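*Asks:* Take this sequence and fold it.
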Amino acid sequence: DKHLVSLEGFQKKLDGFDESNVLRVRCVGAHGEIVWLEDHLLSVEKDKSGNLERLLCYTVNVTGQCEREAHISRVEERNRKIIQALPEFIFILDQDFFITDVLMSSDTILLHPVEQLRGADGRTIYSPEVSDLFLRNIRQCLEDGELKEIEYPLDVDDCERHYFQARIAPFEDNKVMALIHDIGDRVQRSNELIEAKQRAEEADRMKSVFLANMSHEIRTPLNAINGFSDLLLEGDHDHDTRREFREQIWASTTALTTLLENMLELSQLVSSESPLPVAQTDIRLLCAERLELQKQLGDNPAVEYVNEAGTEIEIPTNAFYLTRVVDNLLHNAAKFTAAGRITLRCRNDESRRTLQISVSDTGIGIPPEKQEWVFERFTKVDPFKPGSGIGLYLCRLIVTRLGGDIRVCPEYSGGCCIRIELPY
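*Replies:* Sure thing, here's the model as predicted:
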(Lines give C-alpha, C1' and ligand atoms only; values in the text may rest on other atoms or scores of the structure.)
Protein backbone atom coordinates (compact mmCIF):
# COMPACT_ATOMS: atom_id res chain seq x y z
CA ASP A 1 0.00 0.00 0.00
CA LYS A 2 1.48 3.36 -1.03
CA HIS A 3 0.15 4.93 2.16
CA LEU A 4 2.27 2.48 4.21
CA VAL A 5 5.39 2.34 2.03
CA SER A 6 6.99 5.30 0.30
CA LEU A 7 7.07 5.46 -3.50
CA GLU A 8 10.88 5.17 -3.27
CA GLY A 9 10.44 1.96 -1.30
CA PHE A 10 8.12 0.62 -3.98
CA GLN A 11 10.71 1.35 -6.67
CA LYS A 12 13.53 -0.30 -4.73
CA LYS A 13 11.40 -3.38 -4.18
CA LEU A 14 10.50 -3.49 -7.85
CA ASP A 15 14.15 -3.07 -8.88
CA GLY A 16 15.11 -5.96 -6.61
CA PHE A 17 13.15 -8.53 -8.59
CA ASP A 18 15.14 -10.57 -11.10
CA GLU A 19 13.88 -11.86 -14.42
CA SER A 20 11.96 -14.61 -12.66
CA ASN A 21 10.03 -11.95 -10.62
CA VAL A 22 11.38 -13.44 -7.39
CA LEU A 23 13.01 -11.45 -4.62
CA ARG A 24 14.69 -13.10 -1.62
CA VAL A 25 14.91 -10.98 1.52
CA ARG A 26 16.93 -11.57 4.69
CA CYS A 27 15.13 -10.41 7.79
CA VAL A 28 16.43 -10.09 11.35
CA GLY A 29 13.93 -10.53 14.18
CA ALA A 30 13.79 -8.67 17.46
CA HIS A 31 15.84 -11.37 19.15
CA GLY A 32 18.44 -11.65 16.37
CA GLU A 33 16.86 -14.62 14.64
CA ILE A 34 17.35 -14.83 10.86
CA VAL A 35 14.34 -15.35 8.64
CA TRP A 36 14.49 -15.62 4.87
CA LEU A 37 11.43 -14.55 2.88
CA GLU A 38 10.86 -14.97 -0.79
CA ASP A 39 8.57 -12.51 -2.60
CA HIS A 40 6.99 -13.61 -5.85
CA LEU A 41 5.81 -10.64 -7.96
CA LEU A 42 2.45 -11.13 -9.68
CA SER A 43 1.66 -7.67 -11.02
CA VAL A 44 2.51 -3.97 -10.82
CA GLU A 45 -0.21 -1.30 -10.77
CA LYS A 46 0.45 2.33 -11.72
CA ASP A 47 -1.64 5.47 -11.45
CA LYS A 48 -2.72 7.71 -14.33
CA SER A 49 0.59 9.54 -14.17
CA GLY A 50 2.56 6.28 -14.56
CA ASN A 51 3.78 6.25 -11.00
CA LEU A 52 3.90 3.04 -9.00
CA GLU A 53 0.76 2.59 -6.98
CA ARG A 54 0.53 -1.07 -6.00
CA LEU A 55 2.61 -4.28 -6.12
CA LEU A 56 0.75 -7.54 -6.07
CA CYS A 57 2.93 -10.41 -4.77
CA TYR A 58 2.89 -13.27 -2.34
CA THR A 59 5.58 -14.13 0.24
CA VAL A 60 6.97 -17.53 1.23
CA ASN A 61 9.14 -18.35 4.26
CA VAL A 62 12.21 -20.13 2.75
CA THR A 63 14.42 -20.08 5.84
CA GLY A 64 14.85 -23.89 5.89
CA GLN A 65 15.68 -24.01 2.19
CA CYS A 66 18.22 -21.18 2.53
CA GLU A 67 19.88 -22.90 5.48
CA ARG A 68 20.16 -26.15 3.50
CA GLU A 69 21.59 -24.28 0.52
CA ALA A 70 24.08 -22.47 2.75
CA HIS A 71 25.12 -25.82 4.27
CA ILE A 72 25.63 -27.35 0.82
CA SER A 73 27.59 -24.29 -0.25
CA ARG A 74 29.84 -24.54 2.82
CA VAL A 75 30.42 -28.27 2.20
CA GLU A 76 31.26 -27.62 -1.46
CA GLU A 77 33.64 -24.85 -0.49
CA ARG A 78 35.29 -27.09 2.12
CA ASN A 79 35.66 -29.91 -0.42
CA ARG A 80 37.04 -27.47 -2.97
CA LYS A 81 39.68 -26.30 -0.48
CA ILE A 82 40.54 -29.91 0.44
CA ILE A 83 40.96 -30.85 -3.22
CA GLN A 84 42.96 -27.68 -3.81
CA ALA A 85 45.28 -28.64 -0.95
CA LEU A 86 45.79 -32.19 -2.17
CA PRO A 87 49.35 -32.80 -3.37
CA GLU A 88 48.09 -35.28 -5.96
CA PHE A 89 44.67 -36.20 -7.41
CA ILE A 90 41.67 -38.50 -6.90
CA PHE A 91 40.07 -40.99 -9.27
CA ILE A 92 36.45 -42.02 -8.83
CA LEU A 93 36.30 -45.59 -10.18
CA ASP A 94 33.42 -47.94 -10.73
CA GLN A 95 33.55 -51.68 -10.09
CA ASP A 96 34.72 -52.33 -13.67
CA PHE A 97 37.67 -49.91 -13.40
CA PHE A 98 36.10 -47.11 -15.45
CA ILE A 99 37.25 -43.64 -14.39
CA THR A 100 33.99 -41.78 -13.78
CA ASP A 101 35.60 -38.59 -12.45
CA VAL A 102 38.96 -36.95 -11.72
CA LEU A 103 39.35 -34.55 -8.78
CA MET A 104 42.47 -32.44 -8.51
CA SER A 105 43.76 -28.97 -7.72
CA SER A 106 44.03 -26.44 -10.52
CA ASP A 107 47.83 -26.56 -10.61
CA THR A 108 48.13 -30.38 -10.77
CA ILE A 109 49.79 -31.66 -13.94
CA LEU A 110 48.76 -35.15 -15.04
CA LEU A 111 50.54 -37.53 -17.40
CA HIS A 112 47.31 -37.81 -19.43
CA PRO A 113 44.80 -35.03 -20.26
CA VAL A 114 41.82 -34.93 -17.89
CA GLU A 115 39.46 -35.12 -20.89
CA GLN A 116 41.09 -38.41 -21.88
CA LEU A 117 40.82 -39.83 -18.36
CA ARG A 118 37.19 -38.99 -17.53
CA GLY A 119 34.99 -41.83 -18.70
CA ALA A 120 37.99 -43.94 -19.82
CA ASP A 121 38.42 -47.63 -19.20
CA GLY A 122 41.40 -47.86 -16.83
CA ARG A 123 42.64 -50.86 -18.80
CA THR A 124 43.41 -48.53 -21.73
CA ILE A 125 45.64 -46.41 -19.46
CA TYR A 126 47.44 -49.05 -17.45
CA SER A 127 49.24 -52.28 -18.31
CA PRO A 128 47.36 -55.59 -17.96
CA GLU A 129 49.23 -56.41 -14.74
CA VAL A 130 48.41 -53.04 -13.12
CA SER A 131 44.80 -53.20 -14.35
CA ASP A 132 44.34 -56.62 -12.74
CA LEU A 133 45.84 -55.24 -9.51
CA PHE A 134 43.35 -52.35 -9.51
CA LEU A 135 40.35 -54.56 -10.33
CA ARG A 136 41.14 -57.05 -7.54
CA ASN A 137 41.49 -54.31 -4.94
CA ILE A 138 38.44 -52.36 -6.13
CA ARG A 139 36.22 -55.42 -5.81
CA GLN A 140 37.70 -56.41 -2.43
CA CYS A 141 37.19 -52.85 -1.19
CA LEU A 142 33.54 -52.85 -2.31
CA GLU A 143 33.06 -56.27 -0.74
CA ASP A 144 34.57 -55.70 2.72
CA GLY A 145 34.42 -51.89 2.89
CA GLU A 146 38.04 -51.62 4.00
CA LEU A 147 40.81 -49.35 2.74
CA LYS A 148 43.18 -50.89 0.19
CA GLU A 149 46.64 -49.66 -0.67
CA ILE A 150 48.61 -50.58 -3.79
CA GLU A 151 51.80 -49.43 -5.52
CA TYR A 152 52.30 -49.69 -9.25
CA PRO A 153 54.40 -48.42 -12.20
CA LEU A 154 53.06 -46.41 -15.14
CA ASP A 155 55.03 -46.33 -18.39
CA VAL A 156 54.59 -43.27 -20.59
CA ASP A 157 55.50 -43.38 -24.29
CA ASP A 158 57.35 -46.67 -23.68
CA CYS A 159 60.42 -44.78 -22.48
CA GLU A 160 59.65 -43.21 -19.10
CA ARG A 161 58.48 -45.06 -16.01
CA HIS A 162 56.67 -43.40 -13.10
CA TYR A 163 55.68 -44.95 -9.77
CA PHE A 164 52.43 -44.27 -7.87
CA GLN A 165 50.59 -45.32 -4.74
CA ALA A 166 46.77 -45.66 -4.74
CA ARG A 167 44.73 -45.63 -1.51
CA ILE A 168 41.33 -47.08 -2.43
CA ALA A 169 38.26 -46.50 -0.23
CA PRO A 170 34.51 -47.07 -0.70
CA PHE A 171 32.71 -44.03 -2.09
CA GLU A 172 29.08 -44.19 -3.27
CA ASP A 173 26.85 -45.90 -5.82
CA ASN A 174 29.04 -48.98 -5.93
CA LYS A 175 32.14 -46.88 -6.68
CA VAL A 176 35.46 -46.31 -4.97
CA MET A 177 37.63 -43.25 -4.45
CA ALA A 178 41.35 -43.74 -5.19
CA LEU A 179 43.78 -41.15 -3.84
CA ILE A 180 46.78 -41.29 -6.19
CA HIS A 181 50.19 -40.28 -4.85
CA ASP A 182 53.43 -39.99 -6.82
CA ILE A 183 56.08 -42.10 -5.06
CA GLY A 184 58.78 -41.77 -7.73
CA ASP A 185 61.20 -40.00 -5.37
CA ARG A 186 60.66 -42.63 -2.68
CA VAL A 187 61.20 -45.49 -5.14
CA GLN A 188 64.34 -43.79 -6.44
CA ARG A 189 65.71 -43.37 -2.90
CA SER A 190 64.83 -46.99 -2.13
CA ASN A 191 66.61 -48.16 -5.29
CA GLU A 192 69.62 -46.02 -4.41
CA LEU A 193 69.73 -47.60 -0.93
CA ILE A 194 69.50 -51.08 -2.45
CA GLU A 195 72.30 -50.24 -4.90
CA ALA A 196 74.42 -48.77 -2.09
CA LYS A 197 73.86 -51.92 -0.03
CA GLN A 198 74.82 -54.09 -3.01
CA ARG A 199 77.93 -51.96 -3.61
CA ALA A 200 78.87 -52.29 0.06
CA GLU A 201 78.39 -56.05 -0.07
CA GLU A 202 80.36 -56.23 -3.30
CA ALA A 203 83.12 -54.08 -1.78
CA ASP A 204 83.26 -56.38 1.24
CA ARG A 205 83.41 -59.44 -1.02
CA MET A 206 86.09 -57.85 -3.20
CA LYS A 207 88.09 -56.95 -0.10
CA SER A 208 88.17 -60.60 0.85
CA VAL A 209 89.09 -61.61 -2.69
CA PHE A 210 91.72 -58.89 -2.79
CA LEU A 211 93.36 -60.00 0.46
CA ALA A 212 93.38 -63.63 -0.63
CA ASN A 213 94.73 -62.75 -4.09
CA MET A 214 97.31 -60.22 -2.93
CA SER A 215 98.63 -62.44 -0.17
CA HIS A 216 99.39 -65.08 -2.80
CA GLU A 217 100.73 -62.68 -5.43
CA ILE A 218 102.98 -60.87 -2.94
CA ARG A 219 104.14 -64.03 -1.16
CA THR A 220 105.28 -65.71 -4.39
CA PRO A 221 107.89 -63.12 -5.48
CA LEU A 222 108.94 -62.49 -1.87
CA ASN A 223 109.62 -66.19 -1.39
CA ALA A 224 111.65 -66.23 -4.60
CA ILE A 225 113.64 -63.16 -3.53
CA ASN A 226 114.34 -64.61 -0.09
CA GLY A 227 115.19 -68.07 -1.41
CA PHE A 228 117.59 -67.00 -4.15
CA SER A 229 119.17 -64.38 -1.87
CA ASP A 230 119.93 -67.14 0.65
CA LEU A 231 121.40 -69.30 -2.11
CA LEU A 232 123.65 -66.42 -3.18
CA LEU A 233 124.87 -65.91 0.36
CA GLU A 234 125.30 -69.59 1.15
CA GLY A 235 127.54 -72.01 -0.66
CA ASP A 236 130.06 -71.63 -3.44
CA HIS A 237 128.33 -71.36 -6.83
CA ASP A 238 129.85 -70.86 -10.24
CA HIS A 239 129.40 -67.63 -12.18
CA ASP A 240 126.53 -68.84 -14.40
CA THR A 241 124.55 -70.16 -11.45
CA ARG A 242 124.99 -66.92 -9.52
CA ARG A 243 123.85 -64.94 -12.58
CA GLU A 244 120.75 -67.11 -12.85
CA PHE A 245 119.96 -66.47 -9.19
CA ARG A 246 120.34 -62.70 -9.73
CA GLU A 247 118.02 -62.84 -12.75
CA GLN A 248 115.40 -64.68 -10.71
CA ILE A 249 115.70 -62.09 -7.92
CA TRP A 250 115.41 -59.28 -10.48
CA ALA A 251 112.35 -60.87 -12.13
CA SER A 252 110.61 -61.36 -8.77
CA THR A 253 111.45 -57.81 -7.71
CA THR A 254 110.06 -56.47 -10.99
CA ALA A 255 106.86 -58.52 -10.56
CA LEU A 256 106.41 -57.26 -7.01
CA THR A 257 107.04 -53.66 -8.06
CA THR A 258 104.60 -53.92 -10.96
CA LEU A 259 101.96 -55.39 -8.66
CA LEU A 260 102.31 -52.58 -6.14
CA GLU A 261 102.31 -49.92 -8.89
CA ASN A 262 99.13 -51.38 -10.33
CA MET A 263 97.45 -51.35 -6.93
CA LEU A 264 98.49 -47.73 -6.30
CA GLU A 265 97.23 -46.64 -9.72
CA LEU A 266 93.98 -48.53 -9.21
CA SER A 267 93.48 -46.83 -5.85
CA GLN A 268 94.10 -43.38 -7.35
CA LEU A 269 91.75 -43.96 -10.27
CA VAL A 270 88.93 -45.36 -8.14
CA SER A 271 89.19 -42.62 -5.49
CA SER A 272 88.82 -39.76 -8.00
CA GLU A 273 86.40 -39.03 -10.83
CA SER A 274 88.07 -35.86 -12.12
CA PRO A 275 89.11 -35.89 -15.82
CA LEU A 276 92.62 -37.07 -16.55
CA PRO A 277 94.92 -34.28 -17.80
CA VAL A 278 95.81 -34.53 -21.51
CA ALA A 279 98.54 -33.18 -23.78
CA GLN A 280 99.58 -33.66 -27.41
CA THR A 281 101.15 -37.11 -27.68
CA ASP A 282 103.02 -38.83 -30.49
CA ILE A 283 101.12 -42.13 -30.57
CA ARG A 284 103.33 -43.81 -33.16
CA LEU A 285 106.47 -43.10 -31.11
CA LEU A 286 104.80 -44.23 -27.87
CA CYS A 287 103.70 -47.55 -29.40
CA ALA A 288 107.09 -48.22 -31.02
CA GLU A 289 108.92 -47.65 -27.73
CA ARG A 290 106.57 -49.88 -25.71
CA LEU A 291 106.71 -52.68 -28.29
CA GLU A 292 110.52 -52.63 -28.34
CA LEU A 293 110.66 -52.62 -24.53
CA GLN A 294 108.32 -55.63 -24.31
CA LYS A 295 110.41 -57.46 -26.90
CA GLN A 296 113.50 -57.00 -24.72
CA LEU A 297 111.66 -57.95 -21.52
CA GLY A 298 110.07 -61.01 -23.11
CA ASP A 299 113.37 -62.25 -24.49
CA ASN A 300 111.61 -64.99 -26.47
CA PRO A 301 113.10 -65.60 -29.92
CA ALA A 302 110.09 -67.77 -30.80
CA VAL A 303 107.83 -64.71 -30.76
CA GLU A 304 107.91 -62.10 -33.54
CA TYR A 305 106.97 -58.54 -32.57
CA VAL A 306 105.33 -56.58 -35.41
CA ASN A 307 104.80 -52.80 -35.39
CA GLU A 308 101.99 -51.56 -37.63
CA ALA A 309 101.71 -48.09 -36.16
CA GLY A 310 101.31 -46.49 -39.60
CA THR A 311 101.99 -42.84 -40.24
CA GLU A 312 102.64 -40.15 -37.67
CA ILE A 313 99.69 -39.74 -35.29
CA GLU A 314 99.44 -37.00 -32.68
CA ILE A 315 96.38 -36.54 -30.50
CA PRO A 316 95.64 -34.97 -27.09
CA THR A 317 95.66 -37.73 -24.47
CA ASN A 318 97.31 -38.74 -21.21
CA ALA A 319 100.62 -40.31 -22.27
CA PHE A 320 101.39 -41.78 -18.83
CA TYR A 321 98.13 -43.71 -18.48
CA LEU A 322 97.96 -44.68 -22.15
CA THR A 323 101.46 -46.14 -21.76
CA ARG A 324 100.23 -48.21 -18.82
CA VAL A 325 97.38 -49.61 -20.95
CA VAL A 326 99.63 -50.50 -23.89
CA ASP A 327 102.19 -52.08 -21.56
CA ASN A 328 99.50 -54.21 -19.91
CA LEU A 329 98.15 -55.43 -23.25
CA LEU A 330 101.61 -56.25 -24.60
CA HIS A 331 102.59 -57.98 -21.35
CA ASN A 332 99.42 -60.14 -21.46
CA ALA A 333 100.03 -61.02 -25.10
CA ALA A 334 103.61 -62.10 -24.33
CA LYS A 335 102.47 -64.09 -21.27
CA PHE A 336 100.01 -66.20 -23.26
CA THR A 337 101.97 -66.53 -26.50
CA ALA A 338 104.72 -69.11 -26.27
CA ALA A 339 105.51 -68.89 -29.99
CA GLY A 340 104.11 -66.95 -32.92
CA ARG A 341 103.45 -63.26 -33.42
CA ILE A 342 102.43 -60.19 -31.41
CA THR A 343 101.20 -57.26 -33.48
CA LEU A 344 100.62 -53.68 -32.35
CA ARG A 345 98.43 -51.62 -34.73
CA CYS A 346 97.44 -47.95 -34.70
CA ARG A 347 94.92 -46.29 -36.97
CA ASN A 348 93.65 -42.72 -36.99
CA ASP A 349 90.05 -42.38 -38.18
CA GLU A 350 90.00 -38.66 -38.94
CA SER A 351 86.38 -38.67 -40.14
CA ARG A 352 85.23 -39.95 -36.72
CA ARG A 353 88.09 -38.24 -34.86
CA THR A 354 88.90 -41.56 -33.23
CA LEU A 355 92.22 -43.30 -32.55
CA GLN A 356 92.27 -47.10 -32.69
CA ILE A 357 95.01 -49.13 -31.00
CA SER A 358 94.93 -52.91 -31.06
CA VAL A 359 97.23 -55.62 -29.72
CA SER A 360 96.78 -59.06 -31.29
CA ASP A 361 98.63 -62.31 -30.73
CA THR A 362 98.63 -65.95 -31.78
CA GLY A 363 98.39 -67.26 -28.23
CA ILE A 364 95.71 -69.25 -26.41
CA GLY A 365 92.95 -66.66 -26.94
CA ILE A 366 89.92 -65.90 -24.77
CA PRO A 367 86.72 -67.97 -24.96
CA PRO A 368 83.69 -65.96 -26.24
CA GLU A 369 81.82 -66.33 -22.95
CA LYS A 370 84.74 -64.75 -21.06
CA GLN A 371 85.51 -61.83 -23.39
CA GLU A 372 83.64 -59.39 -21.14
CA TRP A 373 84.34 -61.16 -17.87
CA VAL A 374 88.13 -60.68 -18.23
CA PHE A 375 87.66 -56.91 -17.63
CA GLU A 376 86.37 -57.49 -14.11
CA ARG A 377 88.58 -57.32 -11.03
CA PHE A 378 90.70 -60.31 -10.03
CA THR A 379 89.80 -62.45 -13.05
CA LYS A 380 92.35 -64.70 -14.76
CA VAL A 381 91.90 -66.80 -17.90
CA ASP A 382 94.59 -69.16 -16.68
CA PRO A 383 94.71 -69.30 -12.87
CA PHE A 384 98.15 -70.95 -13.01
CA LYS A 385 99.76 -68.00 -14.79
CA PRO A 386 101.34 -65.33 -12.57
CA GLY A 387 99.47 -62.07 -12.27
CA SER A 388 97.11 -60.15 -9.99
CA GLY A 389 94.03 -60.34 -12.22
CA ILE A 390 93.51 -56.56 -12.28
CA GLY A 391 95.46 -55.69 -15.44
CA LEU A 392 92.53 -55.57 -17.88
CA TYR A 393 90.25 -54.08 -15.23
CA LEU A 394 92.79 -51.28 -14.82
CA CYS A 395 93.00 -50.87 -18.60
CA ARG A 396 89.24 -50.42 -18.92
CA LEU A 397 89.17 -48.02 -16.00
CA ILE A 398 91.85 -45.83 -17.64
CA VAL A 399 90.36 -45.97 -21.14
CA THR A 400 86.92 -45.12 -19.77
CA ARG A 401 88.36 -42.13 -17.89
CA LEU A 402 89.93 -41.02 -21.18
CA GLY A 403 86.47 -41.15 -22.77
CA GLY A 404 87.12 -44.27 -24.85
CA ASP A 405 86.26 -47.93 -25.03
CA ILE A 406 88.23 -51.19 -24.83
CA ARG A 407 86.99 -54.62 -25.87
CA VAL A 408 88.07 -58.03 -27.05
CA CYS A 409 87.57 -58.30 -30.83
CA PRO A 410 85.02 -61.14 -31.21
CA GLU A 411 85.77 -61.57 -34.92
CA TYR A 412 89.46 -62.35 -34.31
CA SER A 413 90.08 -66.11 -34.20
CA GLY A 414 93.85 -66.51 -34.44
CA GLY A 415 94.47 -65.97 -30.72
CA CYS A 416 93.45 -62.80 -28.90
CA CYS A 417 92.97 -59.24 -30.13
CA ILE A 418 92.04 -56.34 -27.86
CA ARG A 419 91.09 -53.01 -29.42
CA ILE A 420 91.06 -49.54 -27.86
CA GLU A 421 89.06 -46.64 -29.32
CA LEU A 422 89.86 -43.15 -28.06
CA PRO A 423 87.96 -40.05 -29.27
CA TYR A 424 89.87 -36.80 -29.52
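*Asks:* pLDDT weak spots in the stretch 151-300 of the chain?
*Replies:* Applying pLDDT under 70 to the stretch 151-300 of the chain picks out residues 158-159, 206-207, 209-217, 235, 266, 270-271.
*Asks:* So which residues of it form strands?
*Replies:* 160-170, 175-182, 279-282 (DSSP state E, counting those that start in this stretch).
*Asks:* Pick the most buried one from the ones you listed.
*Replies:* strand 175-182 (a mean of 19; mean count of other C-beta atoms under 10 Å). C-betas here are computed from N, CA, C, even on glycine.
*Asks:* what about that one, distance to the chain center?
*Replies:* The gap between where strand 175-182 is centred and where its chain is centred comes out at 27 Å by C-alpha atoms, centre = their mean, to the nearest Å.
*Asks:* got it, and stretch 194-208?
*Replies:* 19 Å.
*Asks:* do the same with stretch 320-330
*Replies:* The answer for stretch 320-330 is 33 Å, by C-alpha atoms, centre = their mean.
*Asks:* Show me the contact partners of it.
*Replies:* Stretch 320-330 is contacted from outside by 265, 276, 281, 286-287, 290-291, 293-294, 342, 344, 357, 359, 391-392, 394-395, 398-399, 401-402, 406, 418, 420, 422, using C-beta atoms under 8 Å, 6 or more residues apart in numbering.
*Asks:* My guess is Val28 contacts Trp36. True?
*Replies:* No: using C-beta atoms under 8 Å, Val28 is not in contact with Trp36, being 10.7 Å away.
*Asks:* for Pro221, what are its contacts?
*Replies:* With contact taken as C-beta under 8 Å, 6+ apart, Pro221 is in contact with Ser252, Thr253, Ala255, Leu256, Leu259.
*Asks:* Let's see that with 7 Å instead.
*Replies:* Listed by C-beta atoms under 7 Å, 6 or more residues apart in numbering, the contact set of Pro221 reads Ser252, Ala255, Leu256.
*Asks:* For burial, what's the neighbour tally of the last one?
*Replies:* In terms of burial, Leu256 registers 17 neighbours under the definition other C-beta atoms under 10 Å.
*Asks:* got the contact list for it?
*Replies:* Contacts here follow C-beta under 7 Å, 6+ apart; on that basis Leu256 touches Ile218, Pro221, Leu222.
*Asks:* circling back to that earlier point, looking at Val28 and Trp36, which one has more neighbours?
*Replies:* Ranked by neighbour count (other C-beta under 10 Å), Val28 and Trp36 place Trp36 first, with 18 against 9.
*Asks:* That one against Glu67, yeah?
*Replies:* No: look at Trp36 against Glu67 with C-beta atoms under 7 Å: they stay out of range, at 8.1 Å.
*Asks:* any idea where the helices of the stretch 251-400 of the chain begin and end?
*Replies:* Here the stretch 251-400 of the chain has its helices, by DSSP state H, counting those that start in this stretch, at 283-298, 319-335, 391-401.
*Asks:* How about the stretch 51-200 of the chain?
*Replies:* With DSSP H, counting those that start in this stretch as the criterion, the stretch 51-200 of the chain has helices spanning 63-85, 114-117, 128-144, 184-233.
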